[in-house]
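# Structure for this input, please:
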Amino acid sequence: MQTKESSAEEKWRSVIENPGLWWDNTQNKRNPRAPDFKLKSDPTGSTALWITSRDTPDWARQKLESAGITATYQPSGFTDMN
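Residues are numbered from 1 along each chain as shown. Presented below is the predicted three-dimensional model:
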């Protein structure tokens, strides 16, 4: 039987090692509750990950951050003034 922790670890390892298998929604989220990553091959869309989840391992957050990937949310109609 697989634990929730090991399942999350495996999914995050897949995101890091095989990013092409996942939709990366970190830069175009319109809803803060939407997942950061979704598995492309899952027709139900239920295989999803959130960077800010308590189930996200520290090593995965560090790898993503070092790659310049962070959890972002930009409301519709928002204009960056910089």
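# host element of Lys63?
helix 58-66 (DSSP states H and E).
# Show me what that helix is packed up against.
Secondary-structure packing of helix 58-66 (3 or more C-beta pairs under 8 Å, 6 or more residues apart in numbering; DSSP states H and E): helix 4-17. In short, each C-beta sits where N, CA and C put it, glycine included.
# count of residues packed around Leu39?
19 (other C-beta atoms under 10 Å).
# phi, psi of the nearest residue to Ser41 once chain neighbours are set aside?
Spatially, and ignoring its direct neighbours in sequence, Ser41 is nearest to Leu21 (6.8 Å; C-beta to C-beta, 6 or more residues apart in numbering). With angles defined as degrees, to the nearest 10, Leu21 sits at phi -80, psi -10.
# Lys38 is in contact with Leu21, correct?
No - taking contacts as C-beta atoms under 8 Å, Leu21 lies outside contact range of Lys38: 10.2 Å.
# one step back: render the CA-only coordinates of the helix holding Lys63 in CSV, please.
Provided in CSV are the C-alpha atoms of helix 58-66 (Å, rounded to 0.1, in the frame of the first residue of the first chain):
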residue,chain,number,x,y,z
ASP,A,58,11.4,20.7,0.8
TRP,A,59,13.8,19.3,-1.8
ALA,A,60,11.2,19.8,-4.6
ARG,A,61,10.6,23.4,-3.6
GLN,A,62,14.3,24.1,-3.6
LYS,A,63,14.8,22.5,-7.0
LEU,A,64,11.9,24.5,-8.5
GLU,A,65,13.1,27.7,-6.9
SER,A,66,16.6,27.2,-8.2
